[in-house]
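Student: With the sequence up front, the predicted model follows.
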Amino acid sequence: MPSIAIAEPLLSEGFKDKKKKEKKMKNNALLKTIETDDSIDKKIKKEKKVIKTEKKNSKISESESEEELSSQDSEQRWMEKKKAKKKRKASEVDEEDDEEVQSETSSELGEPIGLKSMGVNGSSVKKLKLMDTFDDEEEETVVAVEADNPNAVSKFRISKALREQLKSKGIESLFPIQAMTFDTIFDGSDLVGRARTGQGKTLAFVLPILESLTNGPAKASRKTGYGKAPSVLVLLPTRELAKQVFAEFEVYGKSLGMTGCCLYGGSPYHSQELKLKRGVDIVVGTPGRIKDHIERGNIDFSSLKFRVLDEADEMLRMGFVEDVELILGKVEDVSKVQTLLFSATLPVWVKNVSISTNVVTARIASRFLKRDKKTADLVGNEKMKASASIRHIVLPCSSSARSQLIPDIIRCYSSGGRTIIFTETKDCASKLAEILPGARALHGDIQQAQREVTLSGFRSGKFMILVATNVAARGLDINDVQLIIQCEPPRDVEAYIHRSGRTGRAGNTGVAVMLYDPRKSNFSRIERESGVKFEHISAPQQADVAKAAGVEAAEMITQVSDSVIPSFKSAAEELLSTSGLSAVELLAKALAKAAGYNEIKSRSLLTSMENHVTVLLEAGRAIYTPSFAYSVLRRFLPEEKVEAVKGFSLTADGKGAVFDVPAEDLETFLTGQENAANVSIDVLKALPSLQEKDQSRGGRFGSGGGFADRRGGGGRFSGGRGGGGGRNGGFSDRRNGRFSNGSYGGRGGNKWGNRT
Ligand SMILES: Nc1ncnc2c1ncn2[C@@H]1O[C@H](COP(=O)(O)OP(=O)(O)OP(=O)(O)O)[C@@H](O)[C@H]1O
């Protein structure tokens, strides 16, 4: 792997002195929460004491308790910033920052409050606005803003070369997790770091590690020269993530003369071996391949200074426990190596080994993290664990309606940007990618070379829809992903947090739509544990989607050259005179065809099935069980009509049952009810609250899940109609300005493969 350019920028003495002073000031600022100035003063004193004790203790033993940095440091900076801000002239800026700590309700769009309040992207926004407003004061104002910003890159012990590299990437200010942990890592502590998805955890370890090795405490013991043993080891759960993190080390390490290599499976050994032989500073990779290199005698970890477990919880969950233990165990003198763990979701064992219930993971934590490790937790006990800059939406949809619905969700919610669709199985990912125009699949059964081509095509915008399994759930940072669709609720809350977190990154907003089958899905646990308050919507109606498509088609038509008119004019005149339609009506049809529509079908509210209508059944008394509701229907309907209903659900108030009826049967249901005493059937315009199929809780209406199965419903859903072919095409790849004519409906009865 690239390596390179060798010139170690040394810090001047003056620079070092300045930095020392700043460091001292920052250490005084480890504060837990934003409270009154008085309580902050008290905390500063307390923290000073902690820091002194800490230094003393580190000389004596490593046996003292863990320390939690929490969000103190960045919050103190925020306080300083707020005070300084009062002095500022630009009231516009004040207004923006005064929207500080606000609700973290998931559906809040607009500025991502949680991030903004902590300074994410804040400084650059301010600069732009100030420059717009005060043109002739531009330079002075920018300097003033930087001075006011306690997270400005210049306030940290970051050398010029790295500062310039950061600047070239548009980074002039550290994100909170980076600001909070920089000194701790630079000065040598083990650290556990947690911040929500997309908040910059990668640079939180990349920057201090590189600085420590080139200008800080780790410099003295860093190996140099041909065949040097690595100083840094970063372990990650997936190949794609390993490549991405390696790319960050590569970009920033290059400017400091550092070399590295990325080791992951599915790629040839030979080139990896060559790089290791020549010697590298940094090794980034997945546990399996790194273990292989160890066993082949290619890596020597005796000089390691840093080891990082990124997405540690996932790595252990995926069954890499033994490999991770073996790899970490290769360091002989653990007192000389710093261990860092980062993730948006940290299991309890990482934070507190003593209360862990998982013996294996607790063993890893206690064996490899020093007991005086620090914890920087920006999520902490806050309710909201998922990204707060995303709209979190749930939408009922039976599995057989998915392929028809997804293109319309993309049209309505992707804002023309990229979409990632998550499926539970590889088979399902492949099948869905096949039927969605302009989509590609990414999962573990695809050859590594193809995986790389696919991901780079998605990154570069060659195609805008990626259908993936969990291989893409963790860590991937792809520009302009506006929409995440999860085809069903994932098995655990962590998966939900990471998958949805592929959008709304670095202070941007995004939308995460989770589909659920009202007959069998349960997302209440995810809602409870993630702290997300889901926004409930029903399927976009084709009529609405078609309106948007019509506008696009009209735009396209204005771009057609007048040169076509003579050739098509006589056919148009013929059509106008014979069709019996007006010119406008004919033009509307032409636009519909250009947009890929031959007809508009309605969609049910409950299962999103085409040509189905959602109705509410009431029987003049409470309906506690589906079997009672079915028996009511049987009083006035033939068996085959009863069997044809879909998505049977009980209402939350226990008074009724909601289900989908094929549009052609609706009349039979409505006239039938008139002959049944106390029975009413009404067509719904909006879904009422429904009972959750909450298996974990059971309860009066919960019915322990799967109640529809009692009615032999298992076959109904899996053998659904599949929408009869859907509309013809109508899905556009907006980025390419193309309208596809492909048909993607009609795959009813699809089982979506086995979970793997
Ligand atoms: N200080 C910064 N200023 C501006 N952008 C930044 C800064 N730090 C990181 N970023 C950008 O933020 C994005 C998210 O960063 P990163 O991938 O490290 O997030 P993460 O917290 O690791 O997310 P996840 O939990 O999903 O892995 C990246 O595009 C990165 O370049």
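Tutor: Looks like it came in fine.
Student: how about Ala663, what does it touch?
Tutor: Contact analysis of Ala663 by CB atoms under 8 Å, 6 or more residues apart in numbering lists Ser602, Asn611, His612, Val613. Glycine gets a C-beta too; all of them are placed from N, C-alpha and C.
Student: ditto for Tyr264
Tutor: So Tyr264 contacts Arg239, Ala242, Lys243, Gly285, Thr286, Arg289, Gln448 (CB under 8 Å, 6+ apart).
Student: Could you find the two of the residues you listed that are most distant from each other?
Tutor: For the contacts of Tyr264, the maximum inter-member distance is 13.2 Å, found between Gly285 and Gln448 (CB to CB).
Student: ok, how many other residues are close to Ser604?
Tutor: Other residues near Ser604 come to 28 when the count uses other CB atoms under 10 Å.
Student: Could you verify my assumption that it touches Val613?
Tutor: Yes. Between Ser604 and Val613 a contact is recorded at 6.0 Å, counting by CB atoms under 8 Å.
Student: what's the overlap in contacts for those two?
Tutor: Shared contacts of Ser604 and Val613 (CB under 8 Å, 6+ apart): Asp660.
Student: Could you pick out the residues of this protein near the ligand for me?
Tutor: Within the chain, the positions lying close to the ligand (CB under 6 Å from any ligand atom) are 121, 171, 173-175, 178, 195, 197-203, 344, 475, 477, 501, 505-506.
Student: Gly285 and Gln448: who's more crowded?
Tutor: For Gly285 versus Gln448, the count of surrounding residues by other CB under 10 Å is larger for Gly285: 27 against 15.
Student: who's in contact with the more buried one?
Tutor: Contacts for Gly285 (CB under 8 Å, 6+ apart) come out as Val234, Leu235, Leu236, Ala242, Phe246, Cys262, Leu263, Tyr264.
Student: Can you name the residue of the stretch 501-650 of the chain nearest to the ligand?
Tutor: When scored by CB to the nearest ligand atom, the stretch 501-650 of the chain has Ala506 as its residue closest to the ligand, at 3.3 Å.
Student: Unless I misread the structure, that residue falls within a strand.
Tutor: No. With DSSP: H, G, I helix; E, B strand; the rest coil as the criterion, Ala506 is located in coil rather than a strand.
Student: backbone phi and psi for it, please?
Tutor: When read as degrees, to the nearest 10, the backbone of Ala506 gives phi 50, psi 40.
Student: For it, which non-adjacent residue is closest in space?
Tutor: The shortest distance from Ala506 to any non-neighbouring residue, by CB to CB, 6 or more residues apart in numbering, is to Gly198 (5.6 Å).
Student: quick check, the one you found in a helix?
Tutor: No. In this structure, Gly198 is coil, not part of a helix, as judged by three-state DSSP.
Student: List the contacts of it.
Tutor: Ser387, Ser389, Asp477, Gly501, Gly504, Arg505, Ala506, Asn508.
Student: quick one, phi/psi of it?
Tutor: phi 80, psi 20.
Student: And it, how far from Ile390?
Tutor: 9 Å (CB to CB, to the nearest Å).
Student: Find residues that contact each of those two.
Tutor: Residues touching both Gly198 and Ile390 by CB under 8 Å, 6+ apart: Gly501, Gly504.
Student: any idea which helix or strand carries the nearest residue in space to Ile478 that is not next to it in sequence?
Tutor: Sequence neighbours aside, Arg459 is the residue nearest to Ile478 in space, at 5.6 Å (criterion: CB to CB, 6+ apart). Element membership for Arg459 (DSSP states H and E) is helix 448-460.
Student: Need the mean per-residue confidence for the helix or strand just after that helix.
Tutor: Proceeding N to C from helix 448-460, the next assigned helix or strand is strand 465-468, under DSSP H and E. Average pLDDT, strand 465-468: 97.
Student: and the contacts of Gly285 as a markdown table, adding pLDDT?
Tutor: Listed next are the contacts of Gly285 as a markdown table, based on pLDDT from 0 to 100:
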| residue | pLDDT |
| --- | --- |
| Val234 | 97 |
| Leu235 | 96 |
| Leu236 | 94 |
| Ala242 | 96 |
| Phe246 | 97 |
| Cys262 | 97 |
| Leu263 | 97 |
| Tyr264 | 94 |
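Student: Residue in the stretch 251-400 of the chain with the shortest distance to the ligand?
Tutor: For the stretch 251-400 of the chain, CB to the nearest ligand atom, closest residue to the ligand: Ala344, 4.0 Å.
Student: tally of neighbours for that residue?
Tutor: For Ala344, the neighbour count with other CB under 10 Å is 25.
Student: re the thing from before, okay, the contacts of Gly285 in TSV with distance to Ala553 and secondary structure next?
Tutor: Formatted as TSV, the contacts of Gly285 follow (distance: CB to CB, whole Å; DSSP: H, G, I helix; E, B strand; the rest coil):
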residue	distance to Ala553	secondary structure
Val234	49	strand
Leu235	50	strand
Leu236	45	coil
Ala242	44	helix
Phe246	44	helix
Cys262	45	strand
Leu263	50	strand
Tyr264	45	coil
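Student: Which one of those residues is nearest to Arg157?
Tutor: For these, the nearest to Arg157 is Val234 (21.2 Å; CB to CB).
Student: what about stretch 386-394, start to end distance?
Tutor: Chord length of stretch 386-394, first to last residue, is 15 Å (CA to CA, to the nearest Å).
Student: Average pLDDT for that stretch, rounded please.
Tutor: For stretch 386-394, mean pLDDT is 94.
Student: ditto for stretch 443-451
Tutor: The pLDDT scores in stretch 443-451 average 93.
Student: again with stretch 295-303
Tutor: Stretch 295-303 carries an average pLDDT of 92.
Student: what bits of the stretch 201-350 of the chain have low per-residue confidence?
Tutor: Within the stretch 201-350 of the chain, the segments meeting pLDDT under 70 span 347-350.
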